[in-house]
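Chemist: Sequence plus predicted model, see below.
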Amino acid sequence: MRAMNGVAAAPLGDCVLQRQASRKNWDEFRGGEEWALIEQYERAGNFIVGPWRDCLDACRSWTEGMHLPLAARLVNAALPRVTYDALVAAMDASSETLVVELEDPERGGAEQGRKPSASDLLAWYANEAHVRFSGGDVKDLQRWAKRSNKMTWLKRYENAFFDSIFEDKDASPCRGDFFKFGKIDAEDDWNPATFQILLRTPALVERNGRVHFAVIVNVTAKLLHDKELQHRLLRSHAAIRYSNNMSLFFSEDGQILDQNPGSLPYFGMGCVALRGAEVSDDGKPVNRLKSLFGDTFDAVMAALETSNSWSGRIDVSWAQLKPWRTNIRSSMNDFSDDDDEEECDFVLKVTLNRVHDPATGHWCFHASIADLSKRARVERRMEEMRKQKQELLSQILPPHIVDGLLAAKKSEKGILSSRSSSTSSELSRAAPISQLSSSGELDFSEICDCESRVRSMAEYHEQVTVFFADIVGFTAISQSLTAPEVMIMLNDLFTRLDTATDDWCIYKVETIGDAYMCAAGLNLKGAIKKGDCDGQAARASGRKACLYMCAAGLNLKGAIKKGDCDGQACPRFWAQRMLGFAREAVEMCGEVLVPRQNTPVQIRIGVHTGDVTTGVVGHKMPRFCLFGDTVNVASRMESTGKAGHIQASEATRDLLPQEDWVATGGVEVKGKGTMETFLLSAKKTVAAE
């Protein structure tokens, strides 16, 4: 008696009263209603009725402290209560094939907080009829129970049975079916199976002063009607026939023994029963399993040797599904509502079990396969959209800010999942669960949704060189042009500047109207290695930067002095890079023409070096912003500057004394008074350097 096929299980006959009564308090159920329940069991022909009647008075003397953990959970359930001695005596006197499984005192599953399962019970006694039927005693049953843990389908059946008792509060008897191949726990006794019906009856059993939860199993239960076996087999077959998923039996050499209609569009009529055995050109049988799994076939077979089950997601082609056909375009459109014209490759979810063929007793493989191709295409598109969203976010915020937010989000999600519901509700008020997507994406609305996030993103930076530029005469230019012409001109100019910021490893902050703002020396994570600015070979787009720095006489490797600059990039290094970018920006403007006038765009540039504070503010169009007096001074350097020139403060000039600065005599700065500034002509190009 190898295994029980529990896929077709049903409650006991018409025991409506018992099912209703099982939800009542046992104290209220005693008396007349208890006898009514016994009569229901008796009409159904349940063996338990005899010892139940005999033990009514003895069981009423049970006290609460006598119950083991699982039995204690059913103290108020309406189910049979018997003593172990009376139960064993009745089993020995019965011709039915009976075994009783008792709650194992050493398991204590309920006390450990686990859900009750079949492993909490132990086969305790089998009558002589059961020993003859199964070919084994209780010890054999216990050994078989340990090995049956590998049977996925059986665990599902057992889990559903225990859930119905302990979660759904339905302790009524339950019918099931199984295949009997041969003697229990005998590895060499596999024969064509017979189909059997069993009945499992939950009960409480007192033994040696302890009350156990128990299941009495009758493995040759009386049929409800003459055609019960036939009806179960027909309906099981129909359930597979009408399934949209693929269901196939393969022989040990990979031949298709049987298949349902759902598999025909994929595997064709490859079943031995339909067309006979498939053979290749050399006369050997076609191993359809090996063709299906391709290079992973050996690994899958190895997994089945140890666990008898394998499940995974595989990518397959038509050539793998139908190895005798090649260069096939998809013929699946007749079976799918998907109009996608992709090549005929599939993503399949395969569950493969190594089982015994009930028709022969030989080893075979059962495959349950679902086509996830359409879902996989949606997942790929969603992943592409996610990457686009993250890329957009990275254009708005520095990478280290995005990384920090993602890390914080994952941490919050972990906290939410580990807390109780009450604690989770408190956390969710600060970080709503709806914003914590499973894909690890960030929602704009959650970037600055609480003070702690704003605080964590705020940073203080010393000696940052800030750049401002705007178009000379932009107001007059914009008034003489159409809106599209203005936007095309700005887009052309700013796109060139964006590209140059990458070349020079400059961080673009924002554009406001015709003004362009960027900064160098923020020491953002990854800012240096992005442009390969450590004195090693520059990437192609960043070659101008390294050539300019060398021409300026600045040793790149020596520019980063851990001793002088506390491990950060030297301010002189970044000021020199900003100056190189500013010169290239003026040069680029000469390549952008004002529409209708056909004259080059002119810009004025201002730079200043000082300390700044950075952070992200707002959740509508959030921005990474720079704050502080340095920003105001840099803006003033630009507004009082000269077309085609770079105006710098004294702080920036002092970092780059080797340049040909021309003193301006000072400019008036609000809140500062007169500040000494210096002009630098941008006509020297990088090529000239």
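Modeler: In hand now; what should we look at?
Chemist: name the helices or strands packed onto the longest helix along the chain?
Modeler: Longest helix of the chain, by residue count under DSSP state H: helix 373-396. In terms of contacts (3 or more C-beta pairs under 8 Å, 6 or more residues apart in numbering; DSSP states H and E), helix 373-396 is packed against strand 345-356, helix 399-418. To be clear about C-beta, it is placed using only N, CA and C from the backbone, and glycine gets the same treatment.
Chemist: ok, now with 7 Å
Modeler: Contact here means 3 or more C-beta pairs under 7 Å, 6 or more residues apart in numbering; DSSP states H and E; on that basis helix 373-396 packs against strand 345-356.
Chemist: could you give the mean pLDDT of the strand it packs on?
Modeler: Averaged across strand 345-356, pLDDT comes to 93.
Chemist: Mind listing what's buried along it?
Modeler: Within strand 345-356, the residues scored as buried using 16 or more other C-beta atoms under 10 Å are 346, 347, 348, 349, 350, 352, 353, 354, 355, 356.
Chemist: do the same with stretch 53-62
Modeler: So for stretch 53-62, counting by 16+ other C-beta under 10 Å, buried means 54, 55, 59, 62.
Chemist: Same check on stretch 672-684?
Modeler: Quick answer for stretch 672-684 (16+ other C-beta under 10 Å): 675, 677, 678, 679, 680, 682.
Chemist: and the residues you listed, which of them are in helices?
Modeler: Among those, no member falls in helices (DSSP H).
Chemist: Please flag which of these sit within strands.
Modeler: Residues of those located in strands (DSSP state E): 675, 677, 678, 679, 680.
Chemist: Next, the contact list for the fourth one, please.
Modeler: It refers to residue 679. Taking C-beta atoms under 7 Å, 6 or more residues apart in numbering as the criterion, residue 679 is in contact with 642, 645, 647, 662, 664.
Chemist: Mind jotting down where the strands sit in the stretch 451-600 of the chain?
Modeler: In the stretch 451-600 of the chain, strands defined by DSSP state E, counting those that start in this stretch lie at 459-471, 507-512, 515-520, 593-594, 599-600, listed in chain order.
Chemist: for the fourth one, the distance to its chain's centre please.
Modeler: Spelled out, that is strand 593-594. 52 Å (C-alpha atoms, centre = their mean, to the nearest Å).
Chemist: One more: stretch 129-141?
Modeler: 46 Å.
Chemist: coming back round to it: restrict the longest helix of the chain to CA atoms and write it as CSV.
Modeler: Coordinates of each C-alpha in helix 373-396 appear next as CSV, following Å, rounded to 0.1, in the frame of the first residue of the first chain:
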residue,chain,number,x,y,z
SER,A,373,5.3,33.3,-22.0
LYS,A,374,2.8,36.1,-22.0
ARG,A,375,3.5,36.8,-18.4
ALA,A,376,7.2,36.7,-19.0
ARG,A,377,6.8,39.3,-21.8
VAL,A,378,4.8,41.5,-19.5
GLU,A,379,7.5,41.1,-16.8
ARG,A,380,10.2,42.1,-19.3
ARG,A,381,8.3,45.2,-20.3
MET,A,382,7.7,46.0,-16.7
GLU,A,383,11.4,45.6,-16.0
GLU,A,384,12.2,47.9,-18.9
MET,A,385,9.7,50.5,-17.6
ARG,A,386,11.2,50.1,-14.1
LYS,A,387,14.7,50.7,-15.4
GLN,A,388,13.5,53.8,-17.4
LYS,A,389,11.8,55.1,-14.3
GLN,A,390,15.0,54.6,-12.2
GLU,A,391,17.0,56.2,-15.0
LEU,A,392,14.7,59.2,-14.9
LEU,A,393,15.1,59.4,-11.2
SER,A,394,18.8,59.2,-11.5
GLN,A,395,18.7,62.2,-13.8
ILE,A,396,16.8,64.2,-11.2
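Chemist: quick revisit: which one of the buried residues of strand 345-356 is nearest residue 494?
Modeler: residue 347 (42.7 Å; C-beta to C-beta).
Chemist: So what pairs up with that closest one in the strands?
Modeler: residue 315 (DSSP bridges).
Chemist: and if you look at the one 5 residues further on?
Modeler: Counting by DSSP bridges, residue 352 is bridged to residue 310, residue 367.
Chemist: Would you state the helices of the stretch 201-350 of the chain in chain order?
Modeler: Listed in chain order, the helices of the stretch 201-350 of the chain (DSSP state H, counting those that start in this stretch) span 228-241, 264-267, 272-275, 288-293, 297-307, 318-321.
Chemist: other SSEs contacting the last one?
Modeler: Applying 3+ C-beta pairs under 7 Å, 6+ apart, one finds that helix 318-321 contacts helix 288-293.
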